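1. Sequence and predicted structure below; questions after.
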Amino acid sequence: MEIEIKLPEDVARQLEAQWGSDGLPRKALEALAVEAYRSGAITAAEVQRVLGLSSRWEAEAFLKQAQAYLDYAESDLEEDTSAIRQVSPQ
């Protein structure tokens, strides 16, 4: 799917000057991927696919750099720990 974004010409020129003509579409795609990940709409694996990253680790590094962390509360940790204890041999 292709998405078109309309920007005022002066803003587009300013952004292209900052990021280059090829950089602007990439930055827009990255911003979309980060926001979709933060909102829970897509997974890290889907971020990897959307951005054409070569590995899971590259996707994780990208998300870390964008400060897009999983919403993982202490209660989630407790649930995970409990589930591991239930299936772990003593």
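-> Ah, there it is.
2. only C-alpha atoms for contact and neighbour calcs from this point on.
-> Noted.
3. what about dumping the CA coordinates of the helix or strand of the chain with the lowest mean pLDDT to CSV?
-> Taking mean pLDDT, DSSP states H and E as the measure, the helices and strands of the chain show their lowest mean at helix 74-87, namely a mean of 88. As requested, C-alpha coordinates have been extracted for helix 74-87 and formatted as CSV (Å, rounded to 0.1, in the frame of the first residue of the first chain):
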residue,chain,number,x,y,z
GLU,A,74,5.1,-4.9,37.3
SER,A,75,1.9,-6.9,37.3
ASP,A,76,3.0,-8.3,33.9
LEU,A,77,6.3,-9.4,35.3
GLU,A,78,4.6,-11.1,38.3
GLU,A,79,2.2,-13.0,35.9
ASP,A,80,5.2,-14.1,33.7
THR,A,81,7.2,-15.2,36.7
SER,A,82,4.3,-17.2,38.1
ALA,A,83,3.7,-18.9,34.7
ILE,A,84,7.4,-19.8,34.5
ARG,A,85,7.3,-21.3,38.0
GLN,A,86,4.3,-23.4,37.1
VAL,A,87,6.0,-25.0,34.1
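4. Helices of the chain, start to end?
-> According to DSSP state H, the chain carries its helices in the segments 9-19, 23-38, 44-51, 56-65, 74-87.
5. List the buried residues of the longest one.
-> Translated: helix 23-38. Of the residues in helix 23-38, those buried by neighbour count under the rule 16 or more other C-alpha atoms under 10 Å are 24, 30, 33-34, 36-38.
6. hmm, back to that, now the helices of the chain in a markdown table, with distance to residue 3?
-> Supplementary listing: those in a markdown table, determined by distance: least, C-alpha to C-alpha, whole Å:
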| stretch | distance to residue 3 |
| --- | --- |
| helix 9-19 | 16 |
| helix 23-38 | 10 |
| helix 44-51 | 13 |
| helix 56-65 | 22 |
| helix 74-87 | 36 |
